[in-house]
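In: below is the sequence, then the predicted model.
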Amino acid sequence: MPSALDRVGIVGASGYVGGALAQALVADGGSPRLFGRCAGRVAGLEVRALTSDSSQFAGLDCVVHLSGITTSRASSDDLRRANVELALHTARMAAAAKVTRFVFTSSLGVHGKSSKAAIRPETPTNPAANPYGRSKSEAERELTKLADETGLELAILRPPMIYGLWARCVGG
């Protein structure tokens, strides 16, 4: 019988955070379903190329969306395609496949470059000066609307910049 860890899908599984999440789930005995831009292998599991067919998410309880562009050198159009349109497309497919929860990895950048006060869940967004932050903020708004329309449970994570061993260097 499949465990709860077997009913998790990771979009962006071949990225730095996606690969780490896949490895952690496998280490805990799970066998998550992995998706990326193209086929491959991560944590000993097959990475399937993400398609436009919602049936690829059939049987999943949760889809974790980690795919996107983080570089400040990307154009606003490229950031919108990768960070807004892809997230919405993926969430629509998840909802159509009757997935219960969609986890979207946004960014602390939705609050702007800096803050004099502690940032809390109720802190308003302020991404005006940063195209990356604007794309993530727009994705959050659009995903929230979609979740309200479809009943898809939405969790939004806003981590600061994530880096470490094996992470691609930004700007290098």
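Out: All right, it came through fine.
In: CA only for contacts and neighbour counts going forward, please
Out: Fine.
In: so where do the helices sit in the protein?
Out: Ranges of helices within the chain are 16-27, 76-80, 86-96, 131-150, based on DSSP state H.
In: who wins for proximity to Ala43 among those helices?
Out: Checking the helices of the chain against Ala43 by Cα to Cα gives helix 16-27 as the closest, at 5.1 Å.
In: using PDB, list the CA coordinates for the closest one.
Out: Listed next in PDB are the C-alpha coordinates belonging to helix 16-27 (Å, rounded to 0.1, in the frame of the first residue of the first chain):
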ATOM      1  CA  TYR A  16      18.600  22.500  -6.100                       C
ATOM      2  CA  VAL A  17      15.600  22.500  -3.700                       C
ATOM      3  CA  GLY A  18      13.600  20.000  -5.600                       C
ATOM      4  CA  GLY A  19      16.400  17.500  -5.600                       C
ATOM      5  CA  ALA A  20      17.000  18.000  -1.800                       C
ATOM      6  CA  LEU A  21      13.300  17.500  -1.200                       C
ATOM      7  CA  ALA A  22      13.200  14.300  -3.300                       C
ATOM      8  CA  GLN A  23      16.200  12.900  -1.500                       C
ATOM      9  CA  ALA A  24      14.700  13.600   1.900                       C
ATOM     10  CA  LEU A  25      11.400  11.900   1.000                       C
ATOM     11  CA  VAL A  26      13.300   8.900  -0.400                       C
ATOM     12  CA  ALA A  27      15.400   8.800   2.800                       C
END
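In: show me what that helix is packed against.
Out: strand 8-11, strand 40-42 (3 or more Cα pairs under 8 Å, 6 or more residues apart in numbering; DSSP states H and E).
In: tabulate the ones you listed (CSV), appending mean pLDDT.
Out: Listed next are the helices and strands packed on helix 16-27 as CSV, based on pLDDT from 0 to 100:
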stretch, mean pLDDT
strand 8-11, 96
strand 40-42, 88
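In: looking at this structure, which helix or strand is least sure?
Out: Using mean pLDDT, DSSP states H and E, strand 40-42 stands out as the lowest-scoring helix or strand of the chain, at a mean of 88.
In: partner strands of that one and their direction?
Out: Note on strand 40-42: by DSSP bridges, its sheet partners are strand 45-49 (antiparallel).
In: I'm done for today, thanks for sticking with me.
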